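Q: fold the following and give me the result.
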Amino acid sequence: MNNYLIENLPEYFKIYKKSIKNPKKFWDKIADENFVWYQRWSKVVDYDMHEAKIKWFKGAKLNITKNCIDRHLAERGHKNAIIWEPNNPDEPTQYITYNELYDRVGKMANVLRSQGIEKGDRVCIYLPMIPELAICMLACARIGAIHSVIFAGFSASAVASRVNDCEAKLLICSDGSYRGSKVLNLKSIIDEALEKTPSVQHVLVVKRTHNEVNMKEGRDLWLQPLYDAAPIENVPQIMDAEDPLFILYTSGSTGKPKGMLHTCAGYMVYSAYTFKNVFNYKENDIYWCTADIGWITGHSYILYGPLANGATTVIFEGVPTYPQPDRFWEVIEKHKVTQFYTAPTAIRSLAKESSDWVEKHDLSSLRVIGSVGEPINDEAWHWYNDHVGKKKCPIVDTWWQTETGGIMIAPVPFVTPTKPTYATLPLPGIQPVLMDEKRNEITGNQTDGSLCIRFPWPGIARTIWGDHERYKQTYFSAFPGKYFTGDGALRDEVGYYRITGRMDDVIIVSGHNLGTAPIEDSIGLHPAVAESAIVGYPHEVKGNALYGYIILKDTGESRDRENLKKEINLLISDTIGPIAKLDKIQFVQALPKTRSGKIMRRILRKIAEGDFSNFGDTSTLLNPEVIEDIKNNRIG
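A: As a prediction, the model looks like this:
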């Protein structure tokens, strides 16, 4: 597995140049030399960017779990594959070797088969960050079932919409979860969600908190007895390169979540390759990504990427501030973590605490530290560099998306010189371009535009589950022949990229992509609300926070405004989840709209930010007079 680690800057430029000149040859070599295949491919890539039809390693046969588990047993069987660190530091840590992982995944795969799950069936997983989450995902991949992990913080209606969209046959949940000092009843959320999900035949329930829960006869089964009775031996299903591996839902700007579909071969190759290089992984390293597996970061860089490289990966159940604000640093010291990958939100939150919490721990094992989820701001970058990395660890500021499957632009540690707030250079095989408003490519440096990718890469999502036309329109129609990321970027004088933010109506809050449309839809369910518009504004901890402009119906005008705000946020929490609650709510008489009825959100964003200097061209506004009123009543 050492065939693709980039060692120095001249080598990076040499490899990158080759990968762009002949990407087929580049990925053919990577895939051929570093993975186990039942059958080799007949064609490296087959694509039509205009129709958004992309296939990698056409005709190849494989199973991703054979690459993540089986092939490591001979040389790494007794090595830790997973270190599980529980929410409560007084609870024992679990060390799961590759041998034990093989046994546990085999047993779980047989449990799934005993429940009638076959290749191509969808299994939704709604679990906290416990070992069973990883085991269930790998077991699905083992038998060719398509897993769809739903973040265990989503509400019942958000769960139901995802389950129904993919028509899941089975759902796996737990009785509850621990989050800091809180105990959450996850089973009750599932019970409510499944009132509207006709496709689900069975629910497997993991005991975690030992809460009292309702078990519906004929549908709900405790997982443990089934697992105990299951045999270990399990022959992996032979999968085609383009067979689906998983569906992962991401917020859309048009309301309905998008089920991004990733396939077996290309995703495996890309997540493994990027993990190795972005984190400079070496054989005996202890790697820790703090993300939740409910997001793409957890899929690619807690599970599949590390395990495909035979790495030891840490899974953390808790939160950074429980029981004290030094939990991250305590875990790093305890396990001698060498690579640490977390979100700018967490960094900013911990930077607000006394630096004594960091300094009291020995972090000398760290070699590489990284950030993910959103661009990291300058202040957070320097705090992270000074206090955590001790100015010795390169910071890998990574840019990528659910849709890309893996990291696209990032420094290669000990190779690429870093620059605060810049994701720096594209990884080999990735061809970023900046486009202007007239759909022309912008050449040269010291410029900015819409960030697109010219040529496909193995990790790209193949479609939106059940709606290829939406996939095509969302990502390939704005700039025909290219993948449009939805982000703006600037390119500096040496060619480094800095991501400047979303160009559509998706807001990144604490690293989570939140579409404004579903939030506005949920607000609209309140009987006192006539209309709303949600925008993001800078927040020192979350990166962005949500600002809501809300028009009330006549019946709502007489209501107590503070109570209304609480009711609206409760409604959002119930329909989407607590992560989508509004930090600020301003009740307004009207919203600035164009003559075609489109809300001019750029004006609302500037007001939310407190920037009244230049609202740009307002000639298309139907009601420019409302701007002054909104500005005067802005929530500070």
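Q: what average pLDDT does stretch 519-537 get?
A: Per-residue pLDDT values over stretch 519-537 give a mean of 90.
Q: going forward, count from 801.
A: In the new numbering, first residue 801, that becomes stretch 1319-1337.
Q: and it, what's buried?
A: For stretch 1319-1337, the neighbour count (16 or more other Cβ atoms under 10 Å) marks 1319-1320, 1322-1323, 1326, 1328-1329, 1331-1337 as buried. Where you see a C-beta, it was placed from the backbone N, CA and C, and this is true even at glycine.
Q: stretch 1005-1015 too?
A: Quick answer for stretch 1005-1015 (16+ other Cβ under 10 Å): 1005, 1006, 1008, 1009, 1011, 1013.
Q: among the buried residues of stretch 1319-1337, name the ones in helices.
A: 1319, 1320, 1322, 1323 (DSSP state H).
Q: quick one: which of these is nearest to residue 926?
A: Within these, the smallest distance to residue 926 is 19.7 Å, found for residue 1322 (Cβ to Cβ).
Q: in contact with that closest one, which residues?
A: If you count contacts by Cβ atoms under 8 Å, 6 or more residues apart in numbering, residue 1322 has them with 1371, 1372, 1374, 1375, 1376, 1380.
Q: those into TSV, with extra columns for secondary structure and distance to residue 1111?
A: Below are the contacts of residue 1322 laid out as TSV (DSSP: H, G, I helix; E, B strand; the rest coil; distance: Cβ to Cβ, whole Å):
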residue	secondary structure	distance to residue 1111
1371	helix	43
1372	helix	38
1374	helix	39
1375	helix	38
1376	coil	34
1380	helix	34
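Q: shaky segments in this protein?
A: 801-802, 1051-1055, 1305, 1394-1397, 1417, 1419-1420 (pLDDT under 70).
Q: can you rerun that using 80?
A: 801-803, 1051-1056, 1301-1306, 1311, 1313, 1315, 1317-1318, 1321, 1394-1398, 1416-1422 (pLDDT under 80).
Q: residue ranges of the helices in the stretch 1301-1436 of the chain, please?
A: Applying DSSP state H, counting those that start in this stretch to the stretch 1301-1436 of the chain gives helices spanning 1316-1323, 1361-1375, 1401-1409, 1426-1432.
Q: now the last one: buried residues?
A: Going back to what we said before, that points to helix 1426-1432. For helix 1426-1432, by 16+ other Cβ under 10 Å, it's 1426, 1427, 1430.
Q: looking at these, which is nearest residue 1176?
A: Nearest member of these to residue 1176, counting by Cβ to Cβ, is residue 1430, at 31.1 Å.
Q: so who does that closest one touch?
A: Contacts of residue 1430 (Cβ under 8 Å, 6+ apart): 1349, 1386, 1388, 1392, 1404, 1407.
Q: from residue 1352, how far out is it?
A: 14 Å (Cβ to Cβ, to the nearest Å).
Q: same question, residue 1038
A: Taking Cβ to Cβ, one finds residue 1038 at 59 Å from residue 1352.
Q: so which of the two has more stuff around it?
A: Between residue 1038 and residue 1352, counted using other Cβ atoms under 10 Å, the more crowded position is residue 1352 (20 against 14).
Q: what residues are bridge-paired with the more buried one?
A: residue 1329 (DSSP bridges).
Q: my read: it touches residue 1332, true?
A: No - with contacts counted by Cβ atoms under 8 Å, residue 1352 stays clear of residue 1332, the gap being 9.8 Å.
Q: which of the buried residues of stretch 1005-1015 sits closest to residue 1262?
A: For the buried residues of stretch 1005-1015, the nearest to residue 1262 is residue 1006 (30.6 Å; Cβ to Cβ).
Q: isn't that closest one up against residue 972?
A: Yes - using Cβ under 8 Å, residue 1006 makes contact with residue 972 at a distance of 7.1 Å.
Q: what residues do those two have in common as contacts?
A: 927, 932, 1023.
Q: count the residues that sit near residue 1222.
A: 24.
Q: name all residues that make contact with it.
A: Taking Cβ under 8 Å, 6+ apart as the test, what residue 1222 contacts is 1197, 1292, 1296, 1297, 1298.
Q: need those in CSV (columns: neighbour count, distance to residue 1282 and secondary structure).
A: Output for the contacts of residue 1222, formatted as CSV (neighbours: other Cβ atoms under 10 Å; distance: Cβ to Cβ, whole Å; DSSP: H, G, I helix; E, B strand; the rest coil):
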residue, neighbour count, distance to residue 1282, secondary structure
1197, 25, 24, strand
1292, 15, 22, coil
1296, 20, 21, coil
1297, 23, 16, strand
1298, 20, 20, strand
